[in-house]
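Chemist: got a structure for you, letters missing:
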């Protein structure tokens, strides 16, 4: 023991425990520099007999106890003990905290997985309005039905700005979501705003985003529908998960949402600013401001109808304004195919599935031959309704919105009758009684600025109106009516928040307009026409009123717009109302009145105004003849004329073709997709051009360029064009820019002997043999291509080649 170092640090390290001290002493063998006797061996390393071993260990234990007992008198005893205790306490605390953090992380990960699954279950479904399928099959997966929509936004590229106005870029909506952290998307009724958010929520939750969006797969989506909070407090962050599932929200770890938002892992999507009363919208803006300031790293996407908030409404919070575009010809065809594919998923009969394919082709053919139906189909909602109606009434497609909505409401009413569902558990009402009750309910909601109603409000409203029904059955009361409309007919529904609404606000507006027309409430319509929540009701009412009363309504709208200059926008309401006016002697007179006001609202300033003006048809064409105007106005005017699509509109378009400003030429190209006859449109808009630039746009198809034989310069850089075979006959072409396009085959350029400049930079081109006979070629850019052999061009004199390595070769 005398040869073994024992100090207070050693004893404290063994908790002043004599048994642990004995173990330490026994470990001190000769090989470790200690006394071999301590290990129970003699000097020759022989083990002591067993009896001596026991005596030895007893002595060692007794000595160790004495050492421990005496330790309190050692110098620095209290200091060493306190220090050791503090170190151990700190270590224990660290281990506890580490363990707690590990548990919190594990709980957070587990809840996130549950929440993501809840998002997919909640939002990966849309309703096929009016389709005669059972309740389960009336819903279909977004992954089958979704069609990518296009948006337009102000260009953020300084080189693209124009002193005379704003330049606008078009891109796919999902691409914009990957590009901008804060996006404010506006679009008219039925344009696909809610569907866009649901698609994004589902694919982000399922980690199925691809391409540029793949980086967002680790983000957590929070979808907030403002209609659920139209008359209550706006949700706090910890309430966001309840929108997907109230069932799992109770298991959410403390501060999980806040931490997700703080770390920038959240995608906050707020749907339907327009579904909040005008007086509360500033509260929504302040709520958004609080969220964006508190959680600057997270992404935010807001949607609204255009008239609920002007462009720039969220500029202070650095939101990018964007407008959803109507669907073009290709998107309409894709939508129709997806719709029928979605229905086919719910059908087992092979013959019926085959019939759906034929129906899809038939509807696309009908659209190409009927301008009125084609115009309806540019809206995703109306296109879906057309698909449903076409499936049931192949020979009788509606030609305007009024007829379309009316037939859809009729489908709702008669769907169960056609399916022979037993109605014994429901109150029996006539179709007219059902419509009357729904109209009164919708009209009550509009008058009270409601997009949702509580169950009590709904029941009381139906109860009041049922008491006025003639020949109503004895069991007709508010509760029975609510049950009928919600459970059997499905034209109203109960949301997760127990609120009741129409499956699409358009149905509410149409039924309210029908009630207003039947009650001849013109004064109420006129006085509220400036309110965006009334706008569609006023417009639809014009199509439901008699021609004489509709003319009075439009005249009063014009008069109010005249007297209240801040409400010049009422002229646009009047234009839209005129489009739905029933044929009558009063039409020509009211058209003259509207035409006089058009000059006050032209040219349109943006795509929303352009679309609204287009419904005036040829009436507005004389006001859109080409003249000096800002680039954004010229671009919007092009869109209006393209949407009108008449002979006079096409004639007016010709002059815009000579405007070389990029924004105008880009609008001419982007508007091509709205033309029912693309070949005719291209000839009209571009036939006189010698130079055309559509760089940095979503253009992918230039098959219609084959007849633009006057072109000498064409810039397609940064477009999606991959097939340039249509350029084969453009013999006058001297300059062609294909930089950063997916073009790989340039064999169609072989006969363009006047070509002097060709830019193939950053294209997948590898074979340039087709250029061998282009003896006038003086500039060729091959940087970033797959070209390795340029010897084929050795006979072209005076050619400057920028090579794959960046070297310049002159011949």
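Modeler: Ah, there it is. Everything numeric in this text was worked out from a predicted model, so none of it was measured.
Chemist: So for the helix or strand harbouring residue 381, mean pLDDT?
Modeler: According to DSSP states H and E, residue 381 maps onto helix 380-392. Helix 380-392 comes out with an average pLDDT of 86.
Chemist: Can you give the contact residues for that helix?
Modeler: 128-132, 147, 149, 189-192, 195, 327, 332, 335-336, 339-340, 343, 356, 359, 362-363, 366, 373, 376-377, 396-398, 401, 404-405, 407-408, 411, 504, 506 (CB atoms under 8 Å, 6 or more residues apart in numbering). No exception for glycine: its C-beta is placed from N, CA and C like everyone else's.
Chemist: ok, now stretch 208-216?
Modeler: So stretch 208-216 is contacted by 143, 174, 175, 177, 178, 179, 202, 203, 204, 217, 267, 299 (CB under 8 Å, 6+ apart).
Chemist: ok, residue 116 touching residue 220?
Modeler: Yes: if you go by CB atoms under 8 Å, residue 116 and residue 220 touch, sitting 7.3 Å apart.
Chemist: between the two, what contacts are shared?
Modeler: Contacts common to residue 116 and residue 220, judged by CB under 8 Å, 6+ apart, are residue 205.
Chemist: quick revisit: farthest pair in the contacts of stretch 208-216?
Modeler: Greatest spacing in the contacts of stretch 208-216, by CB to CB: 143 and 179 (22.9 Å).
Chemist: just for the stretch 351-500 of the chain, where's the confidence low?
Modeler: The model of the stretch 351-500 of the chain has pLDDT under 70 over residues 394-396, 415-424, 496.
Chemist: where exactly do the helices run in it?
Modeler: Applying DSSP state H, counting those that start in this stretch to the stretch 351-500 of the chain gives helices spanning 371-376, 380-392, 401-418, 431-447, 455-466, 478-483.
Chemist: In CSV: these, plus mean neighbour count and distance to residue 573.
Modeler: CSV is the format used below for those (neighbours: other CB atoms under 10 Å; distance: least, CB to CB, whole Å):
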stretch, mean neighbour count, distance to residue 573
helix 371-376, 18, 19
helix 380-392, 23, 19
helix 401-418, 18, 15
helix 431-447, 21, 15
helix 455-466, 18, 28
helix 478-483, 20, 33
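Chemist: between those, which one is nearest to residue 245?
Modeler: helix 455-466 (20.3 Å).
Chemist: Could you list the residues in contact with the closest one?
Modeler: Contacts for helix 455-466 (CB under 8 Å, 6+ apart): 436-437, 440-441, 444, 453, 472, 476-479, 481-482, 492, 494, 498, 500.
Chemist: did I read that right, residue 269 in a helix?
Modeler: No: when classified by DSSP: H, G, I helix; E, B strand; the rest coil, residue 269 is found to be strand rather than part of a helix.
Chemist: who are the neighbours in contact with it?
Modeler: Per CB under 8 Å, 6+ apart, neighbours of residue 269: 197, 200, 201, 221, 222, 223, 224, 300, 301, 302, 303.
Chemist: pLDDT score assigned to it?
Modeler: Each residue has a pLDDT score; the one for residue 269 is 97.
Chemist: Endpoint to endpoint, stretch 372-388 covers what distance?
Modeler: Distance across stretch 372-388, first residue to last, is 17 Å (CA to CA, to the nearest Å).
Chemist: List the residues that contact residue 318.
Modeler: Taking CB under 8 Å, 6+ apart, we find residue 318 in contact with 182, 292.
Chemist: let's see 6 Å
Modeler: Counting by CB atoms under 6 Å, 6 or more residues apart in numbering, residue 318 makes contact with residue 182.
Chemist: Report pLDDT for it.
Modeler: Looking at residue 318, its pLDDT is 94.
Chemist: thinking again about what came up before, out of the helices of the stretch 351-500 of the chain, nearest to residue 707?
Modeler: For those, proximity to residue 707 was assessed by CB to CB; helix 371-376 is nearest, at 22.9 Å.
Chemist: From the chain's centroid, how far away is the closest one?
Modeler: 25 Å (CA atoms, centre = their mean, to the nearest Å).
Chemist: Can you spell out which helices and strands pack onto it?
Modeler: If contacts are counted by 3 or more CB pairs under 6 Å, 6 or more residues apart in numbering; DSSP states H and E, helix 371-376 sits against no helix or strand.
Chemist: separation between residue 499 and residue 304?
Modeler: 20 Å (CB to CB, to the nearest Å).
Chemist: between the contacts of residue 269, which is closest to residue 587?
Modeler: Nearest to residue 587 among these, with distances taken as CB to CB, is residue 303, at 35.7 Å.
Chemist: Is that closest one in a helix, a strand, or coil?
Modeler: Of the three states, residue 303 takes strand under three-state DSSP.
Chemist: and it, what are its bridge partners?
Modeler: Going by DSSP bridges, residue 303 is paired in beta bridges with residue 185.
Chemist: And the spatially closest residue to residue 265 that is not a sequence neighbour, how far from residue 267?
Modeler: Nearest residue to residue 265, sequence neighbours excluded (CB to CB, 6 or more residues apart in numbering): residue 219, at 5.2 Å. Going from residue 219 to residue 267 by CB to CB gives 5 Å.
Chemist: Residue 463 too?
Modeler: 42 Å.
Chemist: host element of the residue nearest the centre of the chain?
Modeler: For the chain, the residue nearest the mean C-alpha position is residue 196 (3.3 Å; CA atoms, centre = their mean). Assigned by DSSP H and E, residue 196 belongs to helix 193-205.
Chemist: Need the contact partners of that helix.
Modeler: With CB under 6 Å, 6+ apart as the test, helix 193-205 has contacts from 116, 119-120, 123-124, 142, 146, 173, 187, 209, 216, 219, 221, 223, 267, 269, 271, 303.
Chemist: how big is the angle separating it from helix 380-392?
Modeler: Orientation check (axes from the mean of the first three to the mean of the last three CA atoms, to 10 degrees): helix 193-205 against helix 380-392 gives 100 degrees.
Chemist: helices or strands next to the helix or strand just after helix 193-205 in the packing?
Modeler: Per DSSP H and E, the first helix or strand lying C-terminal to helix 193-205 is strand 220-225. Helices and strands touching strand 220-225, as assessed by 3+ CB pairs under 6 Å, 6+ apart, comprise helix 193-205, strand 266-271.
Chemist: Among the contacts of helix 193-205, the buried ones, what's the ChimeraX command?
Modeler: Burial among the contacts of helix 193-205 is assessed by 16 or more other CB atoms under 10 Å; the matching ChimeraX selection reads:
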select :116,119,120,123,124,142,146,173,187,209,216,219,221,223,267,269,271,303
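Chemist: Excluding chain neighbours, what is closest to residue 708?
Modeler: Per CB to CB, 6+ apart, closest to residue 708 is residue 686, 5.3 Å.
Chemist: And this protein, what are its domain boundaries?
Modeler: According to automatic domain parsing, the chain is divided into the following domains: 8-75, 148-154+164-326, 327-410, 422-503, 505-601, 689-811.
Chemist: For the second one, measure first residue to last.
Modeler: Translated: domain 148-154+164-326. End-to-end distance (CA to CA), domain 148-154+164-326: 11 Å.
Chemist: Check the offset of that domain from the chain's centre.
Modeler: Relative to its chain's centre, domain 148-154+164-326 lies at 8 Å (CA atoms, centre = their mean).
Chemist: and what of the third one?
Modeler: Domain 327-410 has its average C-alpha position 23 Å from the chain's average C-alpha position, going by CA atoms, centre = their mean.
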